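Student: Sequence plus the predicted model coming up.
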Amino acid sequence: MRNVAVLGATGSVGKSVLDVVSDSPDRLRASVLVAHSQVEALVALCVRHRPDLAIVADTQLEIDLARRLAAAGVRCDIASGHEAICRAAASSLCDVVVCAMTALASVDAALIAARAGKRLLLANNEPAVIAGSLLRSAAVESGSELVPLSPATQAVAQYVDNAHADLSYAGMRLILPSSGGPFAGHKRADLMTVTPDDIGAIPGRLSGRQRAVDSATLMDAGLEAIAIHHLFRAAPEQIQVRLTTQSIAPALLEQADGAVQALGRRLDMRSAIESGLHRPEWPSLHPTVETQGFALTAPDPGTFRCLTLALEALREGGDASTLLNAANEVAVTAFLAGSLPFLSIADLIEQVLTELPPQPVVDIQTLSERDRAARAAARRVLRTAC
């Protein structure tokens, strides 16, 4: 029996995790459930899964959570706040931690879980982008398993595990195929008047709308490249993003002799979660096969400047990717609010990175300070522009 802590239980990924847990009652149990502020939804999940501990991140909602759980007849420990989440992630209550929350607080919890030797499922690349070197070091020291769930990163992870491969080996090249999002084939001049509606950023959860924008700017591909670099020691010059109109594997590996391998196949989130929770009992869902004939092109750096900036931050090293991520979130939020043109997203990010040169990564506290500094700088640029 594996006890699972779900950080972000009320979100779409959290709900998918809990569905998988429910399907394997003899192997998996939801022992810790965490939500940011959706108390009513958290209570409903507690009624269904009967965890040992329920946590709401917003400390002002703890009393409401306790009252609702008591009314529902659920007996479990109750807590609130960032420190409670971190304590739970490292505690004996769980063997597996699913990090499906956003914001820097979730990165802190992920790092603490890694230090405690937990199997850590990363629902998004944010922890690896912000604190990837710290996560990798913690996992090496504690024996923690880092299991990314995003398609390309998971495919690379399973290749490394199955082949006992070292991506730092000279001569290898990792290719991340991308469809190019809604603006594949467009030039910069075509994007002058893009609105959130043009990219499918429909009203709803802010995190989902941000992902839609990141897909349109190809920042998502850049962040994936950064995560792979941090987690698997692939050198920046070994990672390339290429556009394709074909539906192909989430990642390609070119060997020194020119042979190209497709690393697995694209999985839906549920399949990725099942693989992560049940490994090593379940066989790999990412077989590596020889392939050829893919039509790949380099993205236009002028059209996809956010991708260009992400790859530059990757080469810069240090905490550049932390600054990039923070500035991007502020810029995308401003675009969604109608206060920043689409093409100016990259301009704002570039200004922040110019103002704040990268520094060596020391610890999570320093990274938190740098994240705040980048967000403050981005907001200052916005105020000046307005």
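Tutor: Noted; the coordinates are in hand.
Student: any weak-confidence spans in the chain?
Tutor: Residues of the chain that meet the criterion pLDDT under 70 lie in 162-170, 201-207, 264-266, 280-294, 386.
Student: same thing but 50
Tutor: Scanning the chain for pLDDT under 50 picks out 285-286.
Student: Could you check how far the closest residue to A30 other than its chain neighbours is from G318?
Tutor: Sequence neighbours aside, H49 is the residue nearest to A30 in space, at 4.2 Å (criterion: C-beta to C-beta, 6 or more residues apart in numbering). Just so you know, the C-beta spots here come from the backbone N, C-alpha and C atoms, and that holds for glycine as well. Distance from H49 to G318, counting by C-beta to C-beta, to the nearest Å: 41 Å.
Student: Look at those two and report which has more neighbours.
Tutor: Each of H49 and G318 has its neighbours counted (other C-beta atoms under 10 Å); H49 has more, 20 against 16.
Student: Pop out the phi and psi values for the more buried one.
Tutor: phi -110, psi -10 (degrees, to the nearest 10).
Student: show me what contacts it?
Tutor: Counting by C-beta atoms under 8 Å, 6 or more residues apart in numbering, H49 makes contact with L18, V21, S22, R29, A30, L33.
Student: Name the residues of whatever helix or strand the first one lives in that are buried.
Tutor: According to DSSP states H and E, L18 maps onto helix 12-23. Buried residues in helix 12-23, counted by 16 or more other C-beta atoms under 10 Å: V13, G14, K15, S16, V17, L18, V20, V21.
Student: List the residues that contact V332.
Tutor: By C-beta under 8 Å, 6+ apart, the neighbours of V332 are Q210, V213, D214, I345.
Student: just to revisit the earlier point, okay, the buried residues of helix 12-23 in JSON lines with distance to C76 next?
Tutor: JSON lines is the format used below for these (distance: C-beta to C-beta, whole Å):
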{"residue": "V13", "distance to C76": "22"}
{"residue": "G14", "distance to C76": "17"}
{"residue": "K15", "distance to C76": "19"}
{"residue": "S16", "distance to C76": "22"}
{"residue": "V17", "distance to C76": "18"}
{"residue": "L18", "distance to C76": "15"}
{"residue": "V20", "distance to C76": "21"}
{"residue": "V21", "distance to C76": "16"}
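Student: Go through those residues and name the one nearest T333.
Tutor: V13 (20.7 Å; C-beta to C-beta).
Student: Wait, that closest one touches S106, no?
Tutor: No: with contact defined as C-beta atoms under 8 Å, V13 does not count as touching S106 (11.8 Å).
Student: Now G302. Nearest residue, chain neighbours left out?
Tutor: Once flanking residues are discounted, G302 sits nearest to R188: 4.9 Å by C-beta to C-beta, 6+ apart.
Student: isn't the one you found right next to P299, touching?
Tutor: No: judged on C-beta under 8 Å, R188 makes no contact with P299 at a distance of 11.7 Å.
Student: Give me the more crowded residue out of these two.
Tutor: Per other C-beta under 10 Å, whichever of R188 and P299 has more neighbours is P299, with 21 against 15.
Student: Could you pull out the strands in the stretch 151-300 of the chain for me?
Tutor: Ranges of strands in the stretch 151-300 of the chain, per DSSP state E, counting those that start in this stretch, are 173-178, 239-243, 252-254, 260-263, 288-291.
Student: go on, the stretch 1-150 of the chain?
Tutor: 2-7, 28-35, 53-56, 77-80, 96-99, 119-122, 145-148.
Student: Can you lay out these as JSON lines showing distance to L263 and mean neighbour count?
Tutor: Converted to JSON lines, the strands of the stretch 1-150 of the chain look like this (distance: least, C-beta to C-beta, whole Å; neighbours: other C-beta atoms under 10 Å):
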{"stretch": "strand 2-7", "distance to L263": "26", "mean neighbour count": "25"}
{"stretch": "strand 28-35", "distance to L263": "27", "mean neighbour count": "25"}
{"stretch": "strand 53-56", "distance to L263": "36", "mean neighbour count": "26"}
{"stretch": "strand 77-80", "distance to L263": "40", "mean neighbour count": "18"}
{"stretch": "strand 96-99", "distance to L263": "23", "mean neighbour count": "28"}
{"stretch": "strand 119-122", "distance to L263": "18", "mean neighbour count": "26"}
{"stretch": "strand 145-148", "distance to L263": "13", "mean neighbour count": "23"}
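Student: Now render the ones you listed as TSV, adding distance to T195.
Tutor: Formatted as TSV, those follow (distance: least, C-beta to C-beta, whole Å):
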stretch	distance to T195
strand 2-7	33
strand 28-35	32
strand 53-56	35
strand 77-80	38
strand 96-99	32
strand 119-122	32
strand 145-148	32
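Student: Of the buried residues of helix 12-23, which is the nearest to A57?
Tutor: G14 (12.9 Å).
Student: The closest one: what's it in contact with?
Tutor: The neighbourhood of G14, defined by C-beta under 8 Å, 6+ apart, consists of V6, L7, G8, V98, A100.
Student: Could you work out the most separated pair of those residues?
Tutor: Distance extremes for the contacts of G14: the farthest pair is G8 and V98 at 7.6 Å, using C-beta to C-beta.
Student: can you list residues touching both of the two?
Tutor: Contacts common to G8 and V98, judged by C-beta under 8 Å, 6+ apart, are G14, A123.
Student: quick revisit: just give me the closest of the buried residues of helix 12-23 to R119.
Tutor: Nearest member of the buried residues of helix 12-23 to R119, counting by C-beta to C-beta, is V17, at 12.7 Å.
Student: Tell me the spacing between the closest one and S275.
Tutor: Distance from V17 to S275, by C-beta to C-beta: 12 Å.
Student: quick one: the helices in this protein?
Tutor: Secondary structure of the chain by DSSP state H: the helices cover 12-23, 39-49, 62-71, 82-90, 104-115, 126-142, 151-163, 206-217, 219-232, 269-278, 305-316, 320-336, 344-355, 364-385.
Student: Great, nothing more from me.
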